[in-house]
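*Asks:* Next one to model:
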Amino acid sequence: MNELVSTLNGLVWSPALIYLCLGVGLYFSLRGRFLQVRHFKEMIRLMFTGKTDEHGISSFQALTMTLAGRVGTGNIAGVATAITFGGPGAIFWMWMVAFLGASSAFVESTLGQVYKEKLNGEYRGGPAFYIEKGLGLKWYAWLFAVVTVFACGLLLPGVQANSIASSAQTAFGIDPNVTAALLAVLIGLIIFGGVKRIAHFTQVVVPFMALGYILVALVIILLNIEKLPEVIALIFRSAFGLEAGFGAIIGMAIQWGVKRGVYSNEAGQGTGPHASSAAAVSHPAKQGLVQGFSVYIDTLFVCSATAFMLLITGQYNVQAPDGSALFTGIAGVAAGPGYVQTAMENMMPGFGNAFVAIALFFFAFTTILAYYYIAETNIAYINRKVKRPILTLLLKFGIIAATVYGTVRSATVAWDLGDLGVGLMAWLNIIAIVLMHKIAYKCLKDYEQQQDEGKDPVFHPEKLGIKNADYWGSHTSEDNLEEEKKAEAAEANAQR
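*Replies:* Sure thing, here's the model as predicted:
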């Protein structure tokens, strides 16, 4: 089993996918004239505008649901793993994936909004929807939906659960079986409550956990501020093979930086559009820009906090592909959350272990909830045709079982399965958004033009020649009808 999964991973995460992630991000950045820089202020403004309605959630709730998926164990254990196998230079390549990936996140989330639907009273959207409607390839859309249900429903939850169990055992001595039972109960209580309950939960938890973690990391960095310039220089030297000790693994730095960067921020992977499509906004580009900023929060803020904590305290190891040690700063600790717990405990005795365990619990738990929502959305897509409500119930029990299984299995198996799921989704989605990116940039141009005219942008797909954006056609008609009724009522009152 382990060898099979490892072999499949080698095929999925070939250099072709590494170059594709970086190349597509660079192309989209150039195509959009680096919108991730030009619209930085607009991204922040849009996060706090927009309201919920009876069918959807606010931009901020959609952002926190997306961040629930993006900010997970990859921000702690994933960063430690990237440094172990890629050296400090892997962090630079994680930053590059985030910067370039912000444009990929814009494209996929804008497309998710363009082609979203209203199913059973809720907004639903994602790659399966825009592949079918935008490309007209139903078989490809179904392939993505089925792969995503298995990836997010069965393969990825185990990574998060395993890290929770590992850190809880290190900090509090809690048996993984106890952790598994606790996670099963908590997940069940929330996922049986629907998307609104997930949105309300993440709206409160995600900002709190991310800010708390970053603040504690800042304290550790400030206590060692004199080492910061050298750590930054080490990252850049290692990224380009200029550091003597790590020069031989520059290829591994790129590979692991991109691999863990994609795993962590998920830009281009196809997960972000699911939550962003649930937002009630007047123009698809609004949520696209908000989701672009979510990549920054994940990698440039949270991942960087972990990286600087490890590097500035020297609490990390680096090993060559043959397993030989290139640097040993924390002997006897496997790559993962234990690195970060040891670093924090050394700096803050009696506090560090517990804090990382608690932070990782919230990071990983909310990510499992996000995975459920993504898988459920693809079940909803499938159920438009097959109409089997039992599939949703099976998913609920399936993700609980996958969480329990991942909690008690070895970390290596969990990570390999998670990487396989991420890689398959990334291949399918990146090809789709490359074929469809012109639609997203039409939306951006329309958004910018309306803004220049002093308007609050409203989306009219027919004016842009965009077909099959069915929700927006009916939605626009409903809005126009409502405005006409208001105008008639105002005129009648005036005549009285």
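
*Asks:* give me the element Val318 is part of.
*Replies:* In the assignment (DSSP states H and E), Val318 maps to strand 317-319.

*Asks:* Can you tell me the strand partners of that strand and which way each runs?
*Replies:* The pairing partners recorded for strand 317-319 under DSSP bridges are strand 325-328 (antiparallel).

*Asks:* Show me what whatever helix or strand Lys118 lives in packs onto, helices and strands only.
*Replies:* Taking DSSP H and E as the criterion, Lys118 maps to strand 117-119. Packing partners of strand 117-119 (3 or more CB pairs under 8 Å, 6 or more residues apart in numbering; DSSP states H and E): strand 122-124, helix 470-495. (Glycine included, C-beta is placed from N, CA and C.)

*Asks:* Provide the strand pairings for that strand, with the direction of each partner.
*Replies:* strand 122-124 (antiparallel).

*Asks:* any idea of the mean pLDDT for stretch 139-149?
*Replies:* Throughout stretch 139-149, pLDDT has a mean value of 95.

*Asks:* State the phi and psi torsions of Gly332.
*Replies:* Backbone torsions of Gly332, given as degrees, to the nearest 10, read phi 80, psi 10.

*Asks:* wait, Ser14
*Replies:* The phi and psi values for Ser14, taken as degrees, to the nearest 10, are phi -70, psi 170.

*Asks:* related to what we said a few turns ago, between the helices and strands packed on strand 117-119, which gets the lowest average pLDDT?
*Replies:* Among the helices and strands packed on strand 117-119, helix 470-495 scores lowest, with a mean of 54.

*Asks:* what does the strand holding Val318 contact?
*Replies:* Residues from elsewhere that reach strand 317-319 (CB atoms under 8 Å, 6 or more residues apart in numbering): 83-85, 87-88, 245-246, 249, 325-331, 333, 335, 339.

*Asks:* Buried only: go through those for me.
*Replies:* Using 16 or more other CB atoms under 10 Å as the burial test, the contacts of strand 317-319 include 83-85, 87-88, 246, 249, 327, 329-330, 333, 335, 339 as buried.

*Asks:* Make JSON lines out of those residues and add secondary structure.
*Replies:* Below are these laid out as JSON lines (DSSP: H, G, I helix; E, B strand; the rest coil):
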{"residue": "Ile83", "secondary structure": "helix"}
{"residue": "Thr84", "secondary structure": "helix"}
{"residue": "Phe85", "secondary structure": "helix"}
{"residue": "Gly87", "secondary structure": "coil"}
{"residue": "Pro88", "secondary structure": "coil"}
{"residue": "Phe246", "secondary structure": "helix"}
{"residue": "Ile249", "secondary structure": "helix"}
{"residue": "Phe327", "secondary structure": "strand"}
{"residue": "Gly329", "secondary structure": "coil"}
{"residue": "Ile330", "secondary structure": "coil"}
{"residue": "Val333", "secondary structure": "coil"}
{"residue": "Ala335", "secondary structure": "coil"}
{"residue": "Tyr339", "secondary structure": "helix"}
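
*Asks:* which one among these gets closest to Gly418?
*Replies:* The closest of the buried ones among the contacts of strand 317-319 to Gly418 turns out to be Ala335 (CB to CB; 14.5 Å).

*Asks:* need the contact list for that closest one.
*Replies:* Applying CB under 8 Å, 6+ apart, the residues near Ala335 are 77, 80-81, 84-85, 317.

*Asks:* from those, which single one is nearest Asp456?
*Replies:* Checking those against Asp456 with CB to CB, the nearest one is Ala77 at 42.3 Å.
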